[in-house]
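[1] whatever this is, show me its structure:
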Amino acid sequence: MFGFFKRKKKAEAEAAAEEAAELQQQEAAEDGGAPEEAAADADTDAVVEAVTETALPEDGSALVGTVEETVAAQVAETVAAAAAEEWAEPDMAGAVSADIAASAAEADAAAEAEAEVEVEAVAEPPEADVASDTEAVDAADDAETADESKTETQTVDEPPKLSWAARLRRGLSKSRNQMAKSLAGVFGGGQIDEDLYEELETVLLTSDMGIEATERLLQDVRRRVSLKGLKNADELRGALKDALYELLKPLQQPLMLPENPDAPFVIMMAGVNGAGKTTSIGKLAKHFQNEGRSVLLAAGDTFRAAAREQLQQWGERNQVTVIAQASGDSAAVCFDAVEAAKARGIHVVLADTAGRLPTQLHLMEEIKKVKRVLQKAMPEAPHEVILVLDANIGQNAVNQVVAFDDALGLTGLIVSKLDGTAKGGILAALAAIRPIPVRYIGVGEGIDDLRPFDARAFVDALLDEEAA
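    Predicted structure coming up:
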């Protein structure tokens, strides 16, 4: 096998030598230098013979590429040497060498100049670029500083918390806007006459005030107009506000708890499904905590799905203990809650009950049982029986108050959802028919949106001409 590679390389070397010889002959013929042809052939043959005589190692570890490179290099050296000898004129070789040297010198000079320019460009950028870069950096720093200051401003200068009067006005905005549209024709001008009173009567009736409250308000307004000698319709707004305030004033009786109670103050909550009992209990717990009182909740609504879990969520939110049972009687849960409150020295117990319609007589009997069981835990309990009313149900709220009052003996009301589409007149209807104190009103979903009822603030928020 090694003999084959030697023969192959010898043939390749001979072919390369022949090509070199032909090239030399052509150049010699052109220059008239044929006598040196024999010497060149002899030299080429000697190179080929020297290369081919190179023996490959017996182990065959040498690569074929090494032989090829060696042959090519020696052939190239031989050809270059022959060409140098054939050039008889020294001036031509010198000229070529001079051109090559000059070209190399020019290339080196150009490269050095280019390198110097690049170094100068990097070391000393133009003033304009420096200025633009500086301005860009300054602009970025200014923007970052502005963002930081903006963030600090937003963090420090948070919008102030709205007062209760502002939240009340915002909550009653829908009722006020609806009533304002209706009263615009009444208070738009003109003389006070019977036609104007008829228009005012229509507005009051369509605002859920009911017949009894409307009649009382119209009588009071007529009396005030006569006493004050009012002539213009635009003066009638003040008379209506004063009459409505006098009608609602008896309902303004805040819930007063004993300062240093020896036993828990038990509040029993009642109402129909969806009125907002459980939510009102959570908000009341927060209200009493703000007064510095400890609170315990009784999950007495054992009928509605997830009612117990909902109350437990309010308990976690307010960090208040909730007494609950996986299954059991509502009265038993409330009894356990009162006993636990007495043992732990709790100030207030809020007892939830299942929602029920006043027309469901058997359910009304069950809630009477809850009250009787509470009285067994504490003879004077419950200290307060509060009915939660949805302000959006209109005159049906009056029927609920009458039914629950007859069954339980209500001591207070919570009117919720006044921030909805309520027409705002339901409180006047309650004041005219069954004037049970309104302990609290709700005008939003926030935990602080349940506050004691203020008749003057309510009337101003409902009838003021200013926008919400």
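[2] what about stretch 181-190, start to end distance?
    Using CA to CA, to the nearest Å, one end of stretch 181-190 lies 17 Å from the other.
[3] buried sites along it?
    Residues S182, L183, V186, F187 are the ones in stretch 181-190 that count as buried (16 or more other CB atoms under 10 Å). All C-beta spots, glycine's among them, are computed from the backbone N, C-alpha and C.
[4] other residues contacting that stretch?
    For stretch 181-190, contacts defined as CB atoms under 8 Å, 6 or more residues apart in numbering pick out 196, 199-200, 202-203, 206-207, 232-234, 236-237, 463.
[5] can you name the two of the residues you listed that are farthest apart?
    With CB to CB as the measure, no two of these lie farther apart than T206 and N232, at 23.8 Å.
[6] re earlier: and the buried residues of stretch 181-190, which is closest to E316?
    S182 (44.3 Å).
[7] next one: the closest one relative to L23, how far apart?
    117 Å (CB to CB, to the nearest Å).
[8] before we move on, back to that, can you tell me which of the contacts of stretch 181-190 are in helices?
    Those of those mapping onto helices are L196, E199, L200, T202, V203, L236, R237, L463, per DSSP state H.
[9] sorry, back to before: between T206 and N232, which one's more packed in?
    Each of T206 and N232 has its neighbours counted (other CB atoms under 10 Å); T206 has more, 14 against 11.
[10] pLDDT value on the residue nearest to the more buried one when sequence neighbours are not counted, please?
    Nearest in space to T206, with sequence neighbours left out and distances taken as CB to CB, 6 or more residues apart in numbering, is S182 at 6.7 Å. At S182, the pLDDT value in this model is 71.
[11] then the one 10 residues further on?
    At I192, the model reports a pLDDT of 81.
[12] who's R451 bridged to?
    R451 forms beta bridges with I441, as assigned by DSSP bridges.
[13] distance of it from V338?
    27 Å.
[14] which of the two has more neighbours?
    Neighbours per residue (other CB under 10 Å) separate R451 from V338, with V338 holding more: 25 against 18.
[15] and that one, helix, strand or coil?
    Here V338 is recorded as helix under DSSP: H, G, I helix; E, B strand; the rest coil.
[16] can you tell me the closest non-neighbouring residue to it?
    Distances taken as CB to CB, 6+ apart place A377 nearest to V338, at 3.9 Å, with adjacent residues excluded.
[17] tally up the residues packed near that neighbour, please.
    Considering only other CB under 10 Å, A377 is surrounded by 20 other residues.
[18] ditto for the one 5 residues further on
    With neighbours defined by other CB under 10 Å, the count for P382 comes to 24.
[19] ok, H362 next?
    Neighbour number of H362 under other CB under 10 Å is 7.
[20] hang on, the earlier thing: weed out the non-buried ones from the contacts of stretch 181-190.
    With burial judged by 16+ other CB under 10 Å, the buried subset of the contacts of stretch 181-190 is L196, E199, L200, V203, S207, A233, L236, L463.
[21] please report how far the second one lies from G345.
    For E199, the distance to G345 under the criterion CB to CB works out to 59 Å.
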